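S.K.: take a look and give me a structure for this.
(one chain, ligands or ions: 1)
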Amino acid sequence: MSVRLSTEVLVIGAGPAGASAAYWAAKSGRMVVLLEKDVIPRDKVCGDALTPKAVGHLNDMQIDVTKSAFHQHHGLKMTADGQSIELRWPTDHDHPSHGLVIRRRSLDEILVEHAKEAGAQVWTGVEVTDPVVEHGHLRGCRASGTGSGTGPDGEIEVRARFVVIADGPLSPFGRALGTARTRQYAQGVAMRGYFPSPQHSEKMIESVFDLRDSSGQQLPGYGWVFPLGDGTVNTGVGLLSHHHGNDPRSIQDLFDEWLLQIPKFWDVDIENIESEPQGGRLPMGASVRPRSGPNWVVVGDAAGSVNPFNGDGIEPALNNGKLAASVIDNAIDTGDGLALRQYEKELASKYDHYYRLGRLATKALGRPGLMRRFTRLGIQSRVLTELVMRISTNLVNNDAGGTESVYEIGKVVARLIPDRD
Ligand SMILES: Cc1cc2nc3c(=O)[nH]c(=O)nc-3n(C[C@H](O)[C@H](O)[C@H](O)COP(=O)(O)OP(=O)(O)OC[C@H]3O[C@@H](n4cnc5c(N)ncnc54)[C@H](O)[C@@H]3O)c2cc1C
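M.R.: I've put the predicted structure just below:
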């Protein structure tokens, strides 16, 4: 069967970035088609942790985060060098003072349902294959439906005035339009697995900064244990890729070593892993350009939006999706062909200095010995650890305690240092 349809806004990919864009565009009354290659619900490789800032986005979307699938956490336990510091999420800012852990199987389903309820037409089981480009202008996409999800079976063509590209870290659609990742910037690689744990309902999440390579050198990354409140914990490792390249075997080795290091508190029996561990890439630090064209915008991992300080990609994805919907809404309202430029401008003013600082931090921490010195120093100082926690989760707003000024100085310094080799 061959299907053709036209819409105002086409969104490609139904992860948090695409679902957010579809929700906000539909909410403002736009005609939206969201295409997703997988059938939802589906598992998605992730640590499943949402920062307070990400919870703020869910609240803005009026998603009920008290549902049982969501497990609340009130802070972060940072462990290094055999010592731990527990820090509660700050309360002196505009976001909720708790985070959440939720399996992506559930989160993505909730987000997609929400976009649907707002009026978006969601077709799952539909893989976008190519852009439709006429006279150098993007007109939509061609796709192939399996009929196994909510979309039809067979060849599909969707014509659209505006396109949101939310197709994840590899972003084949974005690449076809000419987006590219700056390879000098660090990329993350990470792997996770699920295990039963009697501590599954713990209210603190834990990050451990003691990852080592076979020669004992400390690595720029961390291991985590995130309790899900459903009898299990999500545990894994994340690493900046300029150490281990993108060789999946090395992250697998690191994951295997991490399993022997999981803090005893969690009482995890590594024989009881729920299913094969899975890994993936985290394109970070605004590393993908361009992020918009005359009638398209790129959001989430496809735009390299993962936070380079901590690997948090859900919050930037939700944020990018909302911003994309708002500039598109404005472009349709005003008929101004240049309105989409505002997307790049807003991202630059809100995130670019922060990401630049993050890129410099990741570059510095990639130097042998520096990560070790930094974590040793940090774990002995609650003030320094709190500063790291606030900056890494981008919760420095309205902080009257001095953190903000340190952060502002860091941003100024970051602007002065070239961050490409
Ligand atoms: C091991 C690991 C742990 C992580 N842990 C965390 C964490 O704890 N907290 C956090 O905030 N972030 C974490 N991240 C990062 C986070 O998972 C991503 O940043 C986030 O998923 C980005 O959302 P997105 O919507 O941009 O992309 P995705 O979630 O990747 O969604 C993209 C969607 O596009 C679909 N798609 C792709 N190609 C096509 C196509 N051709 N046609 C149709 N659909 C298509 C995909 O099927 C997918 O559903 C982790 C990442 C990894 C790898």
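S.K.: C-alpha from now on. contacts and neighbour counts both.
M.R.: OK.
S.K.: in this structure residue 2 contacts residue 155, no?
M.R.: Yes. The pair residue 2 / residue 155 is scored as a contact, 4.8 Å apart, by CA atoms under 8 Å.
S.K.: what sits against residue 63?
M.R.: Residues near residue 63 by CA atoms under 8 Å, 6 or more residues apart in numbering: residue 114.
S.K.: now the stretch 301-421 of the chain against the ligand: closest residue?
M.R.: Per CA to the nearest ligand atom, residue 313 is where the stretch 301-421 of the chain lies closest to the ligand, at 3.0 Å.
S.K.: measure that residue to residue 53 for me?
M.R.: To residue 53, residue 313 is 11 Å away according to CA to CA, to the nearest Å.
S.K.: and residue 215, how many neighbours?
M.R.: Number of residues near residue 215 (other CA atoms under 10 Å) recorded here: 6.
S.K.: which phi and psi does it have?
M.R.: Torsion angles at residue 215 (phi, psi; degrees, to the nearest 10) stand at phi -90, psi 0.
S.K.: ok, residue 2 and residue 155, which is more surrounded?
M.R.: Neighbour totals were compared for residue 2 and residue 155, and residue 155 leads with 18 against 11 (other CA under 10 Å).
S.K.: next, the more buried one: secondary structure please.
M.R.: The three-state assignment at residue 155 reads strand, by DSSP: H, G, I helix; E, B strand; the rest coil.
S.K.: and the pLDDT at it?
M.R.: pLDDT recorded at residue 155 is 98.
S.K.: residues in contact with it?
M.R.: Residues near residue 155 by CA under 8 Å, 6+ apart: 1-3, 142-145.
S.K.: go on, residue 105?
M.R.: Contacts of residue 105 (CA under 8 Å, 6+ apart): 40-44.
S.K.: go again with 6 Å.
M.R.: Neighbouring residues of residue 105 by CA atoms under 6 Å, 6 or more residues apart in numbering: 41-43.
S.K.: what's near enough to touch the residue nearest the centre of the chain?
M.R.: Centroid-nearest residue in the chain, with CA atoms, centre = their mean: residue 313, separated by 1.3 Å. By CA under 6 Å, 6+ apart, the contact list for residue 313 reads residue 306.
S.K.: now, of the contacts of residue 105, which are buried?
M.R.: Among the contacts of residue 105, those buried by neighbour count (16 or more other CA atoms under 10 Å) are residue 41.
S.K.: ok, now how distant is the residue of the stretch 301-421 of the chain closest to the ligand from residue 253?
M.R.: 24 Å.
S.K.: low-confidence ranges, the stretch 301-421 of the chain, go.
M.R.: Counting by pLDDT under 70, the stretch 301-421 of the chain has low-confidence residues at 366-368, 397-421.
S.K.: spell out which residues of it are next to the ligand.
M.R.: By CA under 6 Å from any ligand atom, the part of the stretch 301-421 of the chain that sits against the ligand consists of 301-302, 306, 311-315, 317.
S.K.: averaged pLDDT, stretch 46-64. What do you get?
M.R.: For stretch 46-64, mean pLDDT is 97.
S.K.: count of neighbours near residue 14?
M.R.: What residue 14 shows, counting by other CA under 10 Å, is a neighbour count of 28.
S.K.: contacts only, for it.
M.R.: residue 36.
S.K.: can you give me the helices for the stretch 51-200 of the chain?
M.R.: Secondary structure of the stretch 51-200 of the chain (DSSP state H, counting those that start in this stretch): helices at 52-60, 104-117, 172-176.
S.K.: before we move on, the earlier item: ok, and the most crowded of the residues of the stretch 301-421 of the chain next to the ligand?
M.R.: Going by other CA under 10 Å, residue 302 tops those with 34 neighbours.
S.K.: and that one, which of the three is it?
M.R.: Here residue 302 takes the helix state, with states given by three-state DSSP.
S.K.: does it touch residue 171 like I think?
M.R.: Yes. Assessed by CA atoms under 6 Å, residue 302 is found in contact with residue 171 at 5.1 Å.
S.K.: so how far is residue 72 from residue 65?
M.R.: Here residue 65 is placed at a distance of 9 Å from residue 72 (CA to CA).
S.K.: for the ligand, what are the nearby residues on the stretch 1-150 of the chain?
M.R.: Counting by CA under 6 Å from any ligand atom, the stretch 1-150 of the chain comes close to the ligand at 12-18, 35-38, 45-50, 126-129.
S.K.: please flag which of those residues sit within strands.
M.R.: Counting by DSSP state E, these place 12, 35-36, 49-50, 126-129 in strands.
S.K.: so which bits of the stretch 151-300 of the chain are right by the ligand?
M.R.: Counting by CA under 6 Å from any ligand atom, the residues of the stretch 151-300 of the chain close to the ligand are 166-169, 190-192, 279-282, 300.
S.K.: from those, which land in strands?
M.R.: Among these, the residues falling in strands (DSSP E) are 190-192, 279-282.
S.K.: and the two most separated of those residues?
M.R.: Farthest apart among these by CA to CA are 192 and 282. That separation is 13.2 Å.
S.K.: so the two - more neighbours on which side?
M.R.: Regarding residue 192 and residue 282, a neighbour count based on other CA under 10 Å identifies residue 282 as having more, with 28 against 23.
S.K.: which residue sits closest to the more buried one in space, ignoring its chain neighbours?
M.R.: Using CA to CA, 6 or more residues apart in numbering and skipping residues adjacent in sequence, the residue nearest residue 282 is residue 188, 4.6 Å away.
S.K.: next one: residue 89
M.R.: Distances taken as CA to CA, 6+ apart place residue 75 nearest to residue 89, at 4.8 Å, with adjacent residues excluded.
S.K.: that neighbour contacts residue 203, doesn't it?
M.R.: No. With contacts counted by CA under 6 Å, residue 75 stays clear of residue 203, the gap being 7.2 Å.
S.K.: could you identify the longest helix within the protein?
M.R.: Criterion DSSP state H: the longest helix present in the chain is helix 314-334.
S.K.: give me the number of residues near residue 271?
M.R.: The number of residues packed around residue 271, counting by other CA under 10 Å, is 8.
S.K.: need the contact list for it.
M.R.: Residue 271 touches nothing, counting by CA under 6 Å, 6+ apart.
S.K.: show the pLDDT at it.
M.R.: 97.
S.K.: what does residue 214 give?
M.R.: With respect to pLDDT, residue 214 scores 71.
S.K.: how near is it to residue 262?
M.R.: Residue 214 sits 17 Å away from residue 262, going by CA to CA.
S.K.: try residue 190
M.R.: Distance, residue 190 to residue 262, using CA to CA: 16 Å.
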